[in-house]
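**Q** After the sequence you'll find the predicted model.
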Amino acid sequence: MSINYLITGANRGIGFALTEEVLKYNGNIIGLCRGSSNMDDLVSLKDANPEKVSIYEADVMNEGALIDVSKNIDELDVLICNAGIMGARGDMMDKENNFDIISDVLMTNVAGPFFTIRAFLSQINQSKNPKIIIISSQMGSQKHSGSGSYFYRASKAAINNIMITFSNELSQKEIPIISIHPGWVRTKMGGSYATLSTKESASSIYKFIQKIDMTKSGHFYNHDGSQLEL
């Protein structure tokens, strides 16, 4: 039986590479995208795999839109909260650190996964082998603190904390939840000097997902499965 995966931000970067990886192993994909731009590759993938790929437009900041999508889904096995944005990269004087951009970063990277998990919890609770994965970053770890990217760092620290809180609540339902650092990946966010391609990161993440169980719940991992400090 094919496994049902839902991936937010499935139309580009790591999200799209994960979509390709899941299809390679005959999984079913429910791809969520924030808007209709940058959709060509995902639409082509759906056209080539019409029985395996479904696409929905839903902003993770809009819980109502997520709930509307959830009404079309009966069962979900793996939920991957991948959608995220960087925001301002500069130091404290960076003019891009303004209210609107800060709000977008915190709402997308922190409230977004929270709303997504809550919207699809009923569906994932139907699975015999449920798993929830949040794509986070080492930039949220105190051990890897640095200058700049203030609110991206803060958002990843916050979502790791929320993941731990979720794990305490979801343990009663035996639903494991973890967060993963995908590596330094060559995406629009990661830049051209990054050490991993999206395919390399996605392949590593996919392999680790297959090993996730309740013993791993509530922890932060590198894409290769090694545990990281929060």
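**A** Yep, it's here.

**Q** rest of the way, CA atoms for contacts and neighbours
**A** OK.

**Q** Could you point out which residue ranges in this protein have low pLDDT?
**A** Within the chain, no range satisfies pLDDT under 70.

**Q** Which residue lies nearest the spatial centre of it?
**A** residue 82 (1.9 Å; C-alpha atoms, centre = their mean).

**Q** How many residues are close by residue 98?
**A** By other C-alpha atoms under 10 Å, the residues close to residue 98 number 11.

**Q** Need phi/psi at it.
**A** phi -110, psi 170 (degrees, to the nearest 10).

**Q** Pull out the buried positions in stretch 208-215.
**A** Neighbour-count burial for stretch 208-215, with 16 or more other C-alpha atoms under 10 Å as criterion, is recorded at 208, 209, 212, 213, 214.

**Q** swap that for stretch 93-103, sorry
**A** For stretch 93-103, a neighbour-count test (16+ other C-alpha under 10 Å) marks 97, 101, 102 as buried.

**Q** contacting residues for the last one?
**A** Going back to what we said before, that points to residue 102. 87, 151 (C-alpha atoms under 8 Å, 6 or more residues apart in numbering).

**Q** same deal with the second one?
**A** Residues in contact with residue 101 (C-alpha under 8 Å, 6+ apart) are 87, 88.

**Q** which residues are contacting stretch 127-147?
**A** 75-83, 91, 113, 117, 124, 152-160, 163, 175-183, 212-213, 229-230.

**Q** got the end-to-end distance for that stretch?
**A** Stretch 127-147 stretches 42 Å from its first residue to its last (C-alpha to C-alpha, to the nearest Å).

**Q** Among the contacts of stretch 127-147, which ones are in strands?
**A** Among these, the members falling in strands are 78, 79, 80, 81, 177, 178, 179, 180, 181 (criterion: DSSP state E).

**Q** Need the buried ones from those residues selected in PyMOL.
**A** To isolate the buried members of the ones in strands among the contacts of stretch 127-147 in PyMOL, using 16+ other C-alpha under 10 Å:
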select buried, resi 78+79+80+81+177+178+179+180+181
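
**Q** by contact count, what packs against the longest helix belonging to the chain?
**A** Ranked by residue count and defined by DSSP state H, the top helix of the chain is helix 150-170. On a contact count with 3 or more C-alpha pairs under 8 Å, 6 or more residues apart in numbering; DSSP states H and E, helix 150-170 meets helix 99-106, strand 177-181.
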